[in-house]
Structures are given as C-alpha cells and as structure tokens.
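Q: sharing a sequence plus its predicted fold:
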Amino acid sequence: MRAQYLQIKRRFPDTILLFRLGDFYETFEQDAEIASHVLDIVLTSRDLGKGVRVAMAGIPHRSSEVHIARLVAAGHKVAVCEQTGSAEKGRGLMDRDVARVVTPGTVTDPSMLDSSHNTYVVAVALDGARCGIAFADLSTGQFEATQFSSATASDARAAAARELLRLGAAEVVIPDSRGEDEADHVAWLPRDLTVSTIERWHWSAERAEALLRQHFAVESLDGFGLAQQRVAMQAAGALLSYLAETQRSRLAQLTSLRTYSLDGTMLLDAQARRNLELVETARGDKRHGLLSVLDETRTPMGARLLRRWLSQPLLDLAPIHERQDAVQYFVDDGISRSALRQHLSKVSDVERLANRAVIGSVTPRELGQLGRSLRAIGEIAQGVTEIPGLPSLSETTESCRRIQALLESALTYDPPATLNAVGTIRPGFSPDLDAHDRGVREAREWIAGLERHERDRTGIRSLKVGFNQVSGYFIEISTTALASAAREHAATSASGDVLPSDYAIRQSLANATRYVTTQLKEYEARLIGAQETLAQLEADLFRRVVAEVASHAGDLCTAAAAIAYLDVVSSLAEVAAAYAYVRPVVDDSHRIEIREGRHPTLERILPPGEFVANDALLDDDEHRITILTGPNMAGKSSWLRQVALIVLMAQIGSFVPAAAARIGIVDRIFTRIGAQDDISAGQSTFMVEMLETANILHHATSRSLVLLDEIGRGTSTWDGLAIARAVVEHIHNAPRLGCRTLFATHFHEMTAIAGVLPGVCCARMDVLEEGDRVVFLHRVAPGAADRSYGIHVAELAGAPKALTRRAREILQELEQGPAADVARGRRRSMGKPNPESLSMQLTLFAPPGPVLEAIRALDVESLSPLEALMKLYELRQLAKGDPSPGE
Ligand code: ADP
C-alpha cells in the first residue's frame, strides 16, 4: 500500500493527497503535518517496520467536504484518492485512483463558493513581450481569453499581474519552471495567489489548438476570434488541460470561449486598487470599500457584475453613456425601480444553478429555486422595456418560460435537499409514479392500521407494531401482557390458543416476544418493492428534468446576464437616489471639474452633516498640477482619493457624489499614497516610494490622473523636498506627460514652484486659528499654506502636555535661529542642518541666477548645432562661476 501511495503521490506532488482507507481519508508525512495544523486534527504516526515511522492524520469520510473546504480556503490543493474496484486477487490490495483535485480556483461546491464574486482560475502564457491570458469560472461556465503586447517582457509581466488583480484570481496556472530560476519564475506574480504549474508541452500552440477544437467539437477556432491570437490560444489550451487534469470529467459547462480586449478599459495597478480602497480598506475592512458603498444589488449575478464593472472602468464614451442612461431611467422612475428590485430579490443564482444542471450536480432544492427564479424573471421581463444597454430578454423568454413550466409541474413545492429523500416529483407529473406512490401509501396505511386491528383481535391493549432494520415489521407483545391475556383466556374460554393462529414467533426477547403474520410480510414486501421502484422512478424523472434544464442552460445564462445588468444599474440608481448623487458629464476633454464633491465612503462613515464637500478642477492648461498643502490630518489624502474615486465611478457609468461634475476620460489612475511599508519584501519605505514614483513617471500618459501624496517623506527633508520638486517638474515638462496631477504635501516650500511653472497651481486645506487652538475645516481653498501645525496634530493625538510645550520652545528657537530666514523648511528638521544639503536647498530655491537668465535669453530656434554646442560650453563655465567664458 505504501508503494501504491507513493506512486500516486508522485503524480500529484504539490497537492495534499487524501488517501482513502475504509471509512477514512488518511494523509501522510508532510501532508499530515499540514492537515493536522490547518484542520486541528490529531497527528499520529504509523510504524512501517524496519524502524521507519511516518506521520499520519486522518479525517472521516463522512465529514470530508468541510475539511476539504478548509484546506482549499487555506490555499492548498487537495487530491482526493478513492478506492476503485475490488481488492486485487491474492494480495488484498484495493485499486485506488485520484477521483478529483480540488483547488482554490476550481471549486464548484456551493458551500465553498462566495456568491458575491467569481472564482477564477487563470492561465498566463508569456512569450517575450507578448502575453496571453485565459480564465474560467467553473461555477458559471465563463471562459475567456485575451492577448496583448507590451514594450518589454517585464512590462508584459506587469500587465499580466494587473490582469490577475483585476480578475481577483483565486489561482494562477503557469508553465513549470524548467531551466529557469524558481524564484524568478514566480517573482512577478501577485502575492498570496495559489500558483499551479503544468508541464511546458501543454502550452504549445499546436497542442492548444487541437485540444480546444476537440473540446468545442469545431473544425476551426476562428469563430472564437482566436485566429490572430496565438498566445491567447496557448493560454486557453493550457487552462483546459489543467482543468481536465483536476476535474477528471468532461468540462461540459465550458460551452464557448469569448475573446476580450483590454483596450478600452482603464488600467489600475495593485497600488491604485489598494490605495483607492475599491473592495476593502487598507485594514481589510470590506464594509468601507467603494464596492460595498455602491452595492445595493439583490442577486448574486448582479453582485458579481458590479464587482467586475468596478474593477474595470471604461474608456469609451458610448458604453459609459449607455450605462448612465440606464441608471438615469431608474433614478427617474422610482416606482419601477422598487418594483424591479422586489422581483430581483426573488431571483437566486440562476447562472450557477444552470451550470450545476449542466455538470449534473444540481439538487432538487436548487432546481426548486431555479423554478421560482424563472417565475420572477418572467415578471421582470414583462415589466421592463426600453432600458439602454440591456441585453435582450425577449429571445430567452421562450426558454425561460418552458423551463419554468417544467419545473413547476415536475417538482414539489419545497423539494428536498438531496434526491435520496422522497418528495421531489410533484403528484400528477407522472401517472406511473403516482400509481407506485398510491401502492406505497396503501401498504403504509394498512400497516398503520394494523396495531389497532391486532389489539382488537387479541384483546391485548399494549400490543405494538414496530419496525427495525434487521427484522422489518413485527408485532410485539410483552411477556406480562401475554401472561395476563393467557389467564383471562383460561378463565373465559375453554379451548384454543391465546394468540391468533397466524401469529408466528419471530424473535424472543427478555421481556417480550415479536411475531409476524403472513399478511404483514406480504404488505411489507409490497411496501419495500414499491418504495424502491418509487425512488428509482423519481431519480429517473429528476434526471430527465435536469437534462432538459441543461439543454436550455445557454438561454438561462443569457437571461441571467440581463438580470445582472438590470440589478447593477438599478442598484446604482438606488444609491444615486438615496445619497443625492448626480449624473456626471463624461467627455473626451482633458478637464476634471467637480463641484461640491464628496468622498463616497468617508461621507457615510462620518456622522451625518460632518463631511465637508469640496470642489476640484484639473485641466490641460493652468490647472494641470495642483499642489495641495496643509497640516497632517487636515484632509489632504481624503481629497485626493475623492477626486480619483469620482472619476472612477463616472467611468463605470455610476452617478457621483457631487453637486455637479464633468469628467474628461482618464486612461489610468496612478497613486503614490502614504508610506505603504513593504519591509517584508526587503525594501525600505523610501525605496518603495521611489520605485512606485519611477513606475508612474514611466507609464503615465497625458490622459492619466496621478495622485502623489507626501512624495519624499521617506528621506531627509532636503532630499525629500528636492525629489518632490523634481518629480513635479518632470511631470510638468516631459513631452509625453503633463498629466492631471494632484500633489499633496506638508512641505509648504513646494508651493514656490507654482510661480515658475505655468501649469501648476496651489491649493491648501483651510485651518482656523483661534489663539493657540487650531481647527481643521477640511475645506480646500486656493493658495498655499504657510505652516504645518505639526505640534497641533501632536496635541490632537494626545501627546503629553510637557512634550508639546517643549516642542513649541524648540520651534521658536529654530524660527529665530540664523538659518531660519534661509530655509523655512528647517522647522521640521529638528537637528542641526547639514551644510551640504543646505547649499543644495539654496540653489534649488535661489532666485533665478545668471545661468538661468542666460538660458532664458537664448533663441534656441536660430542656433546652429555648432553654436548650440558653444553656448552649452559657455553656460557650463558660467555655472562653474567663471565669468570669462572662452578665455
Ligand atoms: P491628511 O492626508 O491631510 O493627513 P486625511 O485625508 O488622512 O488627512 O484626513 C484626516 C481625517 O480628517 C479623516 O480621517 C477624516 O475623518 C477627516 N476628514 C478628511 N476630509 C474631510 C472632509 N472633507 N470633511 C470632514 N472630515 C474630513
């Protein structure tokens, strides 16, 4: 058995192998250690002889599903190895084989799935700078692929990582690392993602094409749009191979493959998703993510679609406007909105239910839910007519109606959770079934009436009719009752037995005797026979109903998609109406103009009336870059995020929290916010900050929106200030950039730059000073702040009074010290300024010197190349402080 185990384990090396031994699944060695840890079960060991012991831990077969679910939830892959067939002759060893592999990305069991999001397994094929991605959700049958090219191989990896994040992948499949450095092979993948590998030959284009053609039973893959997308095809083929390997059954729910394009959608990388708190806050709180603020959906399909929209804002105006129109429809018509949403509440997960019918794992109760959902969908279809962007419901109406009618006529009102219990098929659906049902009922009634009948016949009041598994039905009479009956009988009648003559003793117990009669056995046989046939018939009928549902699964899923759309737009309308959102004007200008904008989540968290609304203006002219200054805690980050969130909401088609808004399409939102320390990855805070900033400068376009919060905070004041200023200059001047940028800083020295660069303007967080007290107004006002109020923030935070008093003294000394007039930024650099950095600060902020003047005076267009070179030489001399160039 050990050899058998090792042989199977070799085939599934990176899984936890559950090895069936009688009523248990056993795990061994390392698997056992993991299992005992994750499942909190006892770790034992087993002696293999010759002094070898192996660790083992077992779980009962009956409760295996919960345990598998827990292992998978902890990110493990579980291979379930069953006993197949009978023992081999002579050796007594059972045949065993892996029946299925359950992985985080391939679970379909409803108890392991979260209905509010898709569970995707994603395959990534990288070919130099080209990348193919395919993903599938086995519970909904969604199967899609895409391909794109980037500038470099590392850009392609970054784009692939972004796509994995967008999809919220549960598991990624990549080729094995043969010939590559193992760590480098997976270094680009988002962390905490289950990684599975399959051998390289699965990724060849020929193999992929053959497999896909075979799966879809088509001659050519052109119909799927894969003709020009070889790398996408490789990913799709490899994914299919992987799924076939883990599922070990036909993947009938994957009925088609859709190719999609990432053009036309906003790019959001990991930082932006995290910083904007789209799904959850930095602390992992889902209730205060943007998603939960917008999510008033009523169906699981709607919840999943909203999540997809949110993770992929659009760039094209037409579909955005279409969604806006649909939201507008339901904002305007509150009555049909509430009617619709009432019906939606009755729709369960039609998409997943239809797919469970296809893979044959749907239960009677689930089919009952499907029937009720289809009734509600029918009512919805009647109610809605011209909703912009709504996928047509009318083509699927016929299918939905047929399946609804079938389910309503075939199933009982509340079908059981499993098919083993009777009561699935409704009386009247099958005459055959009804006849058997009658047979069963008659036999039962006869047996139920037997007790009274036999009591009358024998005169023994305590006579009982009982049943057990071993002897079936019997009549039981206690010894004392029998004795007293015998005495009575002897007294009253002369002859004959106490008990009727057809009573035969079945079993003698200590204080009772059990009897059967021929008639009782006859009825019992009739009952058991009819029950078996009944169960068989019910199962057959149920299977036929399931097959019929499966054959209409495509239409049901189309209807489900329409329902999801209605659910999402009406949910957005509900939120818009409840929280006074407005419809933004979305156009292809370079402007972002928000009047009285609010932070969608913060305004809900703060007590009513406390949130202060703020305007924002960005354009490609004087308001390209806004430098926002203000003390810590004044609301700078919140305002930055608020602007980005409003843009993002506008581009998914939602209304926005503002009095009015105009949003010129943004192709990408970049965020460099706060000190996200990445110490676990071995990088200093400052290094991370600079890496992220460099990434922004490399990839932003003139259409991007950039949020920079406290750039340069991770290093010394002077370095920080220098870098901060250089970043702003770069964004302002680099030919490809000039993008709309919000720059928050407590370096108020930064505002000087506004006087130099025409596209930079200043804003500050308003503060009210009342004597020693400072009140943050959370109001964005034009102009620059001149103090940082750090000590006030320390007070707010409850620092000891003695400490803040001493800080005030030091501040005063510093402000009056010799260097104070040179560099006001020094206030925060409590120590002695170092002369070198001071001189750097001086040049950076010195009034324009002779070099600058000379450059300004240049007429660049009229210079010949040689003259330009000469000028450059002169300028260098000038900069060195040598007044006599050329001599
Ligand atoms: P900063 O980035 O300037 O340090 P934050 O943006 O983190 O400040 O805001 C600090 C706190 O101020 C927030 O947690 C919030 O409670 C409050 N706040 C921010 N903006 C507003 C606003 N517009 N109205 C009311 N309170 C606000």
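A: That came in fine, so what should we check first? Here the structure is a predicted model, which is why all the values come from computation and not from measurement.
Q: show me what secondary structure element comes after the strand or helix carrying Leu691.
A: Here Leu691 is covered by helix 685-699, with elements defined by DSSP states H and E. Heading C-terminal from helix 685-699, the first helix or strand you meet, by DSSP H and E, is strand 705-709.
Q: what's that next one packed up against?
A: Where contact means 3 or more CB pairs under 8 Å, 6 or more residues apart in numbering; DSSP states H and E, strand 705-709 is packed against helix 636-652, strand 669-672, helix 685-699, strand 740-745. From N, CA and C alone the C-beta is placed, and that goes for glycine too.
Q: so in the protein, where's the weakest helix or strand by average pLDDT?
A: Least confident helix or strand of the chain, by mean pLDDT, DSSP states H and E, is helix 835-845 with a mean of 41.
Q: ok now the helix holding Leu691, how far from the chain's centre?
A: 27 Å (CA atoms, centre = their mean, to the nearest Å).
Q: pull out the buried residues from that helix.
A: Across helix 685-699, burial judged by 16 or more other CB atoms under 10 Å covers Thr685, Phe686, Val688, Glu689, Met690, Glu692, Thr693, Ile696, Leu697, His699.
Q: and what of stretch 298-317?
A: Of the residues in stretch 298-317, those buried under the neighbour-count criterion (16+ other CB under 10 Å) are 298-315.
Q: do the same with stretch 204-218
A: Those buried within stretch 204-218 under the rule 16+ other CB under 10 Å are Ala208, Glu209, Leu211, Leu212, His215, Phe216.
Q: now those residues in a markdown table, with pLDDT and distance to the ligand?
A: A markdown table is the format used below for the buried residues of stretch 204-218 (pLDDT from 0 to 100; distance: CB to the nearest ligand atom, whole Å):
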| residue | pLDDT | distance to the ligand |
| --- | --- | --- |
| Ala208 | 92 | 49 |
| Glu209 | 92 | 53 |
| Leu211 | 92 | 52 |
| Leu212 | 92 | 50 |
| His215 | 91 | 52 |
| Phe216 | 89 | 52 |
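Q: in helices, which of these fall?
A: For these, membership in helices holds for Ala208, Glu209, Leu211, Leu212, His215, Phe216, with DSSP state H as the criterion.
Q: out of those, what pair is the most spread apart?
A: Of all pairs drawn from these, the widest gap by CB to CB lies between Ala208 and Phe216 and measures 12.3 Å.
Q: pLDDT (mean, whole number) over the helix or strand where His489 lies?
A: Using DSSP H and E, His489 falls within helix 479-492. Taken as a whole, helix 479-492 has an average pLDDT of 84.
Q: got the residues of the stretch 651-800 of the chain near the ligand?
A: For the stretch 651-800 of the chain, the residues in contact with the ligand (CB under 6 Å from any ligand atom) are His778.
Q: looking at the stretch 651-800 of the chain, what residue ends up closest to the ligand?
A: Of all residues in the stretch 651-800 of the chain, the one sitting closest to the ligand is His778 (3.4 Å; CB to the nearest ligand atom).
Q: wait, Thr479 sits on Thr513?
A: Yes - under the contact definition of CB atoms under 8 Å, Thr479 touches Thr513, with a separation of 7.0 Å.
Q: out of the two, which sits in the busier spot?
A: When Thr479 and Thr513 are compared for neighbours, Thr513 comes out ahead with 19 against 13, by other CB atoms under 10 Å.
Q: isn't there a helix covering that one?
A: No - for Thr513, which was evaluated using DSSP: H, G, I helix; E, B strand; the rest coil, the result is strand, with no helix membership.
Q: by proximity to the ligand, which residue of the stretch 451-600 of the chain wins?
A: His599 (6.5 Å).
Q: and the host helix or strand of Glu729, what does it pack against?
A: Here Glu729, judged by DSSP H and E, is contained in helix 717-733. Other elements packing on helix 717-733 under the criterion 3+ CB pairs under 8 Å, 6+ apart are strand 625-629, helix 685-699, strand 740-745, helix 835-845.
Q: please name every helix or strand in contact with the second one.
A: For helix 685-699, the elements it packs on are strand 669-672, strand 705-709, helix 717-733, judged by 3+ CB pairs under 8 Å, 6+ apart.
Q: using PDB, list the CA coordinates for that helix.
A: This file holds the C-alpha atoms of helix 685-699, laid out as PDB (Å, rounded to 0.1, in the frame of the first residue of the first chain):
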ATOM      1  CA  THR A 685      10.000  52.500   2.700                       C
ATOM      2  CA  PHE A 686      11.800  55.100   0.700                       C
ATOM      3  CA  MET A 687      12.900  52.600  -1.900                       C
ATOM      4  CA  VAL A 688       9.300  51.500  -2.400                       C
ATOM      5  CA  GLU A 689       8.200  55.100  -2.700                       C
ATOM      6  CA  MET A 690      10.800  55.800  -5.300                       C
ATOM      7  CA  LEU A 691      10.100  52.600  -7.200                       C
ATOM      8  CA  GLU A 692       6.400  53.500  -7.400                       C
ATOM      9  CA  THR A 693       7.200  57.000  -8.400                       C
ATOM     10  CA  ALA A 694       9.500  55.900 -11.200                       C
ATOM     11  CA  ASN A 695       6.800  53.500 -12.400                       C
ATOM     12  CA  ILE A 696       4.400  56.300 -12.600                       C
ATOM     13  CA  LEU A 697       6.800  58.600 -14.500                       C
ATOM     14  CA  HIS A 698       7.500  55.800 -16.900                       C
ATOM     15  CA  HIS A 699       3.900  54.800 -17.700                       C
END
